[in-house]
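# Provide a 3D model corresponding to the input given below.
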Amino acid sequence: MIQVSHTYTLTADWQKQFTQLLVQQLGAELKGDKLLLMPKNIADGGFYFTGIIPGLSVVIWDLKFKKSINIKSLKSDDDLYIIHYDLSDGMNLINIQGDKTGCKTNLGLGVFDNVVDKVFQPIIGERIFAIRLLVAKDLLNFSVINGVQRERNKRKAKKNTNNVFFYDHIDSESMLIIHDIKNKSFQDPTFDIYLKGVVLRLLGTFIDRYSDQASILHYIPEKEIEFLNITKEYLLDNLSANFPGIQFLANMANMSVSKYTSSFKKMFVNTPNHFFMREKLFRANKLLKSGSFDSLMDVSKELNFCTLSYFSLKYFKQFERKPSEDFVKNTH
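This next block holds a predicted model:
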C-alpha cells in the first residue's frame, strides 16, 4: 500500500510540501500552482488547492484510485479545524489517531481538530469527491467552539488524550452547493472564482447550522471512541437485519444504556437507531441503482423492512423522492 504523509497549515506551505512529495515520490504532475494530477497508474484525477481569505483555504479531491493508498495528515501546532465534506461514490475510511478509531460511513460530513493525526484511506475503483475546508479557529468564534475552548483551557495542565471532532450527514443546502462544483471541471477557466464562492457559502451554511447547538463538538476519550466504533461497525455490517437494540449495543461497548446512548449521539450527532436507519437507507439507495433486483419489494426484503409501504415512507423522508424514481430493474 502507498503511504503518504503531510501536515496542514494556515499558510500555503503545506500545499507546496504536499505537491513536492507527490511529484517526487509518485510522479504526479503539477499544472499551474493549484492543480495536481496523479499518475495514471495510481489514479485518474487529482487535487485542487486554493486560498479563499486569510485563515480559510480549500482542497478538493476528485479521483478514482487504482491502487491502495493511505494519506495521513499529521497533527501540527497551527490552530485550525478541518471541515471534510465527502460525496464519494463509495465509503472511505477515516482513522483518527490510529486504526482503532476508524470511521467508515456514508455520513458525509466530518469536523476534525488539527491537533490530532488523521488517516484517509480512499476506496479503490470508485469516484472520490471530497472538499476539505481548512479553517482558522478564529473564524469559527461562535458558541460551539467557545464551549470547546473553555473545556480545553480547563484541561491545559493535563495530558491531552481527547479529540475534538464529530460526524454528521450533509444537510440538503450544502449538498446542493457541492453538487454545483462537483459537475465542473478543474480546468474550466472560471473554476477558481466559482470555487471561492462555493467555499464561502459552505462555511456560512455550516455556521448557521451549528452555531446554536452548544454541545455539537465534544472531547471524547480515545477509549470511548474505540468502543463506539466497534458498535458502529457492527451496525454497518448488519444493515440487512433488524436494529439489535440499545441494550445489546451498550453491552458491546461496556457502557450503561444511558452512557452509551449519550456518547454515541455526541460522536455521531444521532441516536444509534436513527444512525442505523439512515445507513440502511443509503444502502437501499445503492441497491436500487445497482440493476440487480427485479422489483422494489425485493430491495425492501433484502434490507428486512417489514412492508414495502414502510420502506417507501422512510426512503422518501430521507431522500425526498420515491424509491421507484431511483430503481433500475434487473434486465438479465
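
# Please make it C-alpha for all contacts and neighbour counts, starting now.
OK.

# Which SSE is immediately downstream of the helix or strand hosting residue 275?
Assigned by DSSP states H and E, residue 275 belongs to helix 272-289. For helix 272-289, the following helix or strand on the C-terminal side (DSSP H and E) is helix 296-302.

# For that next one, which residues meet the burial criterion?
In terms of neighbour count (16 or more other Cα atoms under 10 Å), helix 296-302 has its buried residues at 296, 299-300.

# which among these gets closest to residue 257?
Within the buried residues of helix 296-302, proximity to residue 257 (Cα to Cα) peaks at residue 300, which comes in at 30.0 Å.

# contacting residues around the closest one?
284, 306-308, 311 (Cα atoms under 8 Å, 6 or more residues apart in numbering).

# Keep only those of those that are in helices.
Using DSSP state H, 284, 308, 311 are the members of the contacts of residue 300 that sit in helices.

# Turn the residues you listed into JSON lines, columns for neighbour count, distance to residue 319 and pLDDT.
Shown next, in JSON lines, are these (neighbours: other Cα atoms under 10 Å; distance: Cα to Cα, whole Å; pLDDT from 0 to 100):
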{"residue": "284", "neighbour count": "24", "distance to residue 319": "11", "pLDDT": "91"}
{"residue": "308", "neighbour count": "17", "distance to residue 319": "16", "pLDDT": "94"}
{"residue": "311", "neighbour count": "23", "distance to residue 319": "12", "pLDDT": "95"}
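
# Can I get those in CSV including distance to residue 131?
Listed next are the ones in helices among the contacts of residue 300 as CSV, based on distance: Cα to Cα, whole Å:
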residue, distance to residue 131
284, 25
308, 36
311, 31
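
# Quick check: bridge partners of residue 57?
Taking DSSP bridges as the rule, residue 57 bridges to residue 51, residue 134.

# what about it, neighbour count?
Using other Cα atoms under 10 Å, residue 57 is surrounded by 22 other residues.

# mind putting the buried residues of helix 296-302 in TSV, pLDDT and distance to residue 264 included?
Listed next are those as TSV, based on pLDDT from 0 to 100; distance: Cα to Cα, whole Å:
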residue	pLDDT	distance to residue 264
296	94	32
299	95	29
300	95	27
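
# quick check, nearest of the residues you listed to residue 88?
Nearest to residue 88 out of the buried residues of helix 296-302 is residue 299 (Cα to Cα; 22.5 Å).

# ok, of the contacts of residue 300, which one's closest to residue 168?
residue 284 (19.0 Å).

# Would you confirm that that closest one contacts residue 298?
No - at 10.8 Å, residue 284 does not count as touching residue 298 under the criterion of Cα atoms under 8 Å.

# residue ranges for the strands of this protein, please.
All strands of the chain, identified by DSSP state E, fall at 2-7, 29-31, 35-37, 43-53, 56-65, 69-74, 80-86, 93-96, 108-113, 118-121, 127-136, 162-169, 218-221.

# Dump these into JSON lines; add mean pLDDT as well.
Below are the strands of the chain laid out as JSON lines (pLDDT from 0 to 100):
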{"stretch": "strand 2-7", "mean pLDDT": "87"}
{"stretch": "strand 29-31", "mean pLDDT": "91"}
{"stretch": "strand 35-37", "mean pLDDT": "92"}
{"stretch": "strand 43-53", "mean pLDDT": "93"}
{"stretch": "strand 56-65", "mean pLDDT": "93"}
{"stretch": "strand 69-74", "mean pLDDT": "86"}
{"stretch": "strand 80-86", "mean pLDDT": "89"}
{"stretch": "strand 93-96", "mean pLDDT": "63"}
{"stretch": "strand 108-113", "mean pLDDT": "82"}
{"stretch": "strand 118-121", "mean pLDDT": "80"}
{"stretch": "strand 127-136", "mean pLDDT": "91"}
{"stretch": "strand 162-169", "mean pLDDT": "61"}
{"stretch": "strand 218-221", "mean pLDDT": "64"}
